[in-house]
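Enquirer: Could you work out the structure for the sequence below:
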Amino acid sequence: MGYAGADFGGMLKAMRETRRISQSKLAERADFDHSYVSRLESGARMPTREAVERLAAALTMGQAEEDTLLAAAGFLPRDVSSLLSDEPVLGEVLDLLQNDAVPVEYRDNIRQVLRLLTEQARFAVRSRSPEGFSGVAA
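Expert: The predicted structure follows:
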């Protein structure tokens with residue numbers, strides 16, 4: 001919906017305004033004081049996880065929007081795969097690693113391959129940085 005990259009307060013305000021709900025009405029629906037919602041939107045306060053969940057419910061958000069709001073407030077979303085929406089393969093790997101139907105040996109192999117790929121990527125980054133350049137061609 002175009003909220004990506006916004007700070008929590010700005011995102012909350014945009015989501016509230018999209019729904020044409022006043023700060024007072026949102027506060028009432030979430031059982032907060034109006035000044036609390038105002039301070040959240042201005043960035044003067046950061047919410048607790050429970051507060052974000054109450055605000056999301058008061059704004060009748062779907063799970064993806066609530067997850068976006070949780071992440072903006074610094075909390076892990078309920079569905080971590082929503083953070084990986086731009087990397088569908090990573091979401092698939094995460095699903096496989098958490099799936100008990102996949103034999104343990106396969107899951108361990110996936111983890112080992114991922115560790116090796118991560119080490120190779122770190123090495124490649126170090127090799128290409130000016131201070132870490134060793135003159136060895138990749």
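Enquirer: Asp33 reaches Ala27, doesn't it?
Expert: Yes. Between Asp33 and Ala27 there is a contact at 6.2 Å, judged by Cβ atoms under 8 Å. Where you see a C-beta, it was placed from the backbone N, CA and C, and this is true even at glycine.
Enquirer: Give me the more crowded residue out of these two.
Expert: Ala27 (20 against 11; other Cβ atoms under 10 Å).
Enquirer: quick one: what helix or strand has Leu40 in it?
Expert: helix 34-42 (DSSP states H and E).
Enquirer: Tell me how far that helix lies from the chain's centre.
Expert: Relative to the chain's own centre, helix 34-42 is displaced by 22 Å; criterion: Cα atoms, centre = their mean, to the nearest Å.
Enquirer: For that helix, name the packing helices and strands.
Expert: Judged by 3 or more Cβ pairs under 8 Å, 6 or more residues apart in numbering; DSSP states H and E, the packing partners of helix 34-42 are helix 8-18, helix 23-30, helix 49-58.
Enquirer: and the angle from that helix to helix 8-18?
Expert: 110 degrees (axes from the mean of the first three to the mean of the last three Cα atoms, to 10 degrees).
Enquirer: List the buried residues for stretch 42-57?
Expert: Pro47, Ala51, Val52, Glu53, Arg54, Leu55, Ala56 (16 or more other Cβ atoms under 10 Å).
Enquirer: Check the second one and give its pLDDT.
Expert: What it means is Ala51. With respect to pLDDT, Ala51 scores 96.
Enquirer: about what we covered before: same list (the helices and strands packed on helix 34-42) but as a markdown table, adding distance to Ala121.
Expert: Shown next, in a markdown table, are these (distance: least, Cβ to Cβ, whole Å):
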| stretch | distance to Ala121 |
| --- | --- |
| helix 8-18 | 31 |
| helix 23-30 | 43 |
| helix 49-58 | 32 |
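Enquirer: and after the helix or strand of the chain with the lowest mean pLDDT, which helix or strand comes next?
Expert: None of the helices or strands of the chain scores lower by mean pLDDT, DSSP states H and E than helix 88-98, at a mean of 82. Going down the chain from helix 88-98, the next helix or strand is helix 104-128, by DSSP H and E.
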